[in-house]
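[1] Pasted the sequence and its predicted model underneath.
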Amino acid sequence: MQLEVQSLLARGEPVRLRESLDVVPLLAGMRGAEPVGPMEAELTARPAGGLIEVSGRLTGRIRLACSRCLTPLEETYDIPYAETFKPVPEGREDKEEDADIVPFSGSRLELRPYLESELLLHLPLAPLCDEACRGLCPECGQNLNERECGCRRERIDPRLEALRKLLDGGQQEDH
Ligand SMILES: [Zn+2]
Ligand SMILES: [Zn+2]
């Protein structure tokens, strides 16, 4: 998704951009996240005092797995996007102090990497099928939302468990 910078700045009028982006390669390395169709980008690029303001929405559907019970879920995302770009001459060090302004060089602005990182930022780290999801039994793997398995599940702090083993071992040596 490229923006012709010179013609945009010369014309001085907003340009609408619309493109379907294939995000399969982007999400290929993400365990459990799989796009359902492309990401639709609907953006407007506005020249503003030598800067370019790009804003709009990124929408699409994504397949995820519940982080507790691994049940597949499909979610629709609708991510607002807004970024300000500043054209800088090629090879020149940019002294831009404002962290909200993204410097770039060249006559074309490739927006794809910015849109992709926006999507990655908005992917849920721990998606849930339900806030009350009970997850899988750590003993037998039963999905506890479906039925109770009857395993004894004591929540033992691993550090306390190590201490207990150490004390048990010590007692045995005494005998
Ligand atoms: Zn779940
Ligand atoms: Zn169980």
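    Great, that's in hand. Since the model is a prediction, treat every value here as computed from it, not as a measurement. Ligands and ions are numbered 1, 2, ... in the order given.

[2] Now do the contacts for R108.
    2-5 (Cβ atoms under 8 Å, 6 or more residues apart in numbering). C-beta here means a position set from N, CA and C on the backbone, and glycine is covered the same way.

[3] Am I right that G106 is in contact with E90?
    Yes - if you go by Cβ atoms under 8 Å, G106 and E90 touch, sitting 6.5 Å apart.

[4] more neighbours, these two?
    G106 (12 against 9; other Cβ atoms under 10 Å).

[5] ok so the more buried one is a helix residue?
    No - assessed with DSSP: H, G, I helix; E, B strand; the rest coil, G106 is coil; it does not lie in a helix.

[6] where's it relative to ligand 1, distance?
    According to Cβ to the ion, to the nearest Å, G106 and ligand 1 sit 46 Å apart.

[7] and if you look at L167?
    Counting by Cβ to the ion, the gap from L167 to ligand 1 is 37 Å.

[8] Quick one, grab the pLDDT at that residue.
    The per-residue pLDDT reported for L167 equals 72.

[9] Give me the secondary structure label for it.
    helix.

[10] tally of neighbours for it?
    Counted with other Cβ under 10 Å, L167 comes out at 10.

[11] Please apply the same query to L8.
    As a burial measure, L8 scores 18 neighbours (other Cβ under 10 Å).

[12] element containing it?
    Using DSSP states H and E, L8 sits in helix 5-11.

[13] Next SSE downstream of that helix?
    Criterion used, DSSP H and E; the element after helix 5-11 is strand 15-21.

[14] which parts of that next one are buried?
    Residues of strand 15-21 classed as buried by neighbour count (16 or more other Cβ atoms under 10 Å): 15, 21.

[15] Pairing partners for it, with directions?
    In the sheet, strand 15-21 lines up against strand 34-48 (antiparallel) (DSSP bridges).

[16] Extract the C-alpha set from the partner strand and format it as PDB.
    The C-alpha trace of strand 34-48 is given here as PDB (Å, rounded to 0.1, in the frame of the first residue of the first chain):
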ATOM      1  CA  GLU A  34      -4.800 -17.200  11.900                       C
ATOM      2  CA  PRO A  35      -6.400 -14.600   9.700                       C
ATOM      3  CA  VAL A  36      -9.800 -15.300   8.200                       C
ATOM      4  CA  GLY A  37      -9.500 -13.400   4.900                       C
ATOM      5  CA  PRO A  38      -7.400 -10.200   4.300                       C
ATOM      6  CA  MET A  39      -7.100  -7.100   6.400                       C
ATOM      7  CA  GLU A  40      -9.100  -4.300   4.900                       C
ATOM      8  CA  ALA A  41      -7.400  -0.900   5.200                       C
ATOM      9  CA  GLU A  42      -9.500   2.200   4.600                       C
ATOM     10  CA  LEU A  43      -7.400   5.300   5.000                       C
ATOM     11  CA  THR A  44      -7.200   8.900   4.200                       C
ATOM     12  CA  ALA A  45      -3.900  10.700   3.700                       C
ATOM     13  CA  ARG A  46      -3.900  14.400   4.300                       C
ATOM     14  CA  PRO A  47      -1.000  16.800   3.600                       C
ATOM     15  CA  ALA A  48      -0.600  19.100   6.500                       C
END
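
[17] Nothing else from me, thank you.
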